[in-house]
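*Asks:* sequence and predicted structure, then a few things I'm wondering about:
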Amino acid sequence: MNEFINTIESNRIFFKKKLNIILIVALSILGAGLICLIIGLIFSNSTLFIIFFLSIIVAAIIYGAGYSVYNKKYLSTFEKDLDRKAIELNYGNDYFYDPIKGIDFESINESRCVNRPDEYHSSKLFEVKRHNISFLSSNYIFDFIHYTTDSKGNSKKEVNHYNGRFIKFTFPRNLNAFLSIMEKNSIDEMIKDPRLGEKIEFEYMEFNEKFIVKASDPLKANYIITPQVQCNIVDFDKAFKSNLIVCYLDNSVYIFMHEYNAKMGLGIYKEFNQKVFDSYANEFIIPLLLIDALDLDNDKYINKNLN
């Protein structure tokens, strides 16, 4: 992986040097225009003023075009391979990934935790089966459209965007229960309270302060959300900044990392290092971390014969 990162950084430096030549040309034109401005001020020559303003426009066009070309060339050397490298680092070749395709709304709606949007978009579908647990995940964007009318009768369209990462785990055993764990500030136009089950609390106060838990069966809730799992959820939520929603329904767990996006920007002026790569790899590592945090590889989710 170090070789991949070093190759990207070498390409960035190579194209940045070419862009620097364009920058020098643009600055030279701007410098010549500045000289014209000074002379024009001394001799009150309006033609030189015009030349100065033209030099600003020409310099901006030259540099802007150069930046667009070389930044695009730089990104094209690795963008298609970045996600693939991030996935294979942890999953080898045993996965399905489609950056264009996503999860349909009806599959997300099974969680009972979302309102139907006016427009829905999803991408970066990622599917893996490991041992007895399978999961799929994708990015989502929910758009809610509103029209307002001012006092003069003029209508205005406003679109509220909500984005994040969705993950669904499926395991062999059917728990025959519904359980929701919702971060207290997560309810908005997209996320809704499923209004199922009764509210319960646990002995771990930090968990109670951050999350609202409702369950159709309080005994099963304590069976699923053990003290260790409570600690794990709190730690996970601190590590990955988002509004976290976890819903257990029969033999599935639905996860919403609402408003989550920790990716660092990519560009010819930004060094590509391990930290930048990790920000792109995290979204594919997250399901593995959640399997551990929620203890989903435990026998109570895998063994179909348990009552």
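*Replies:* All right, it came through fine. Keep in mind that what you see is a predicted model, and the values were worked out from it rather than measured. Numbering: from 1, shown residues only.

*Asks:* and the residue nearest the centre of the chain, what does it touch?
*Replies:* By Cα atoms, centre = their mean, the mean C-alpha position of the chain lies nearest to residue 261, the distance being 3.2 Å. Applying Cβ atoms under 8 Å, 6 or more residues apart in numbering to residue 261 gives the contacts 163-164. Glycine gets a C-beta too; all of them are placed from N, C-alpha and C.

*Asks:* what helix or strand does it sit in?
*Replies:* Assigned by DSSP states H and E, residue 261 belongs to no helix or strand.

*Asks:* per-residue pLDDT, it?
*Replies:* Here the pLDDT value assigned to residue 261 is 78.

*Asks:* from residue 192, how far off is it?
*Replies:* Going from residue 261 to residue 192 by Cβ to Cβ, to the nearest Å gives 22 Å.

*Asks:* same deal with residue 251?
*Replies:* 23 Å.

*Asks:* now do residue 136
*Replies:* Where residue 192 is concerned, residue 136 sits at a distance of 22 Å (Cβ to Cβ).

*Asks:* give me the neighbour count for the closest residue to residue 263 other than its chain neighbours.
*Replies:* Leaving aside its chain neighbours, residue 263 sits nearest to residue 279 (5.0 Å; criterion: Cβ to Cβ, 6 or more residues apart in numbering). Neighbours of residue 279 under the rule other Cβ atoms under 10 Å: 16.

*Asks:* equivalent analysis for residue 183, please.
*Replies:* Neighbours of residue 183 using other Cβ under 10 Å come to 19.

*Asks:* swap in residue 263?
*Replies:* Around residue 263 there are 11 residues (other Cβ under 10 Å).

*Asks:* renumber starting at 404 from here on
*Replies:* Got it, first residue is 404 now, which makes that one residue 666.

*Asks:* what secondary structure does it sit in?
*Replies:* coil (DSSP: H, G, I helix; E, B strand; the rest coil).

*Asks:* OK, contacts around it?
*Replies:* Per Cβ under 8 Å, 6+ apart, neighbours of residue 666: 682-683, 686.

*Asks:* now, those residues that are in helices?
*Replies:* 682-683, 686 (DSSP state H).

*Asks:* quick one, helices of the protein?
*Replies:* Using DSSP H, helices in the chain cover 405-446, 449-479, 482-494, 508-512, 608-613, 621-627, 630-642, 677-696, 702-705.

*Asks:* who's in contact with the fifth one?
*Replies:* Just to be clear, that refers to helix 608-613. Against helix 608-613 from outside (Cβ under 8 Å, 6+ apart): 586-587, 604-605, 633-634, 636-637, 640.

*Asks:* then the last one?
*Replies:* Judged by Cβ under 8 Å, 6+ apart, the contacts made with helix 702-705 from elsewhere in the structure are 535-536, 574-576, 578, 626-627, 698, 709.

*Asks:* and those residues, which are buried?
*Replies:* Buried members of those, scored by 16 or more other Cβ atoms under 10 Å, are 535-536, 574, 576, 578, 627, 698.

*Asks:* and which of those residues is nearest residue 503?
*Replies:* Looking at those and their distance to residue 503, the nearest is residue 536, at 25.8 Å (Cβ to Cβ).

*Asks:* list the contacts of the closest residue to that closest one other than its chain neighbours.
*Replies:* Nearest in space to residue 536, with sequence neighbours left out and distances taken as Cβ to Cβ, 6+ apart, is residue 574 at 5.2 Å. Neighbouring residues of residue 574 by Cβ under 8 Å, 6+ apart: 535-536, 654-656, 699, 704-705.
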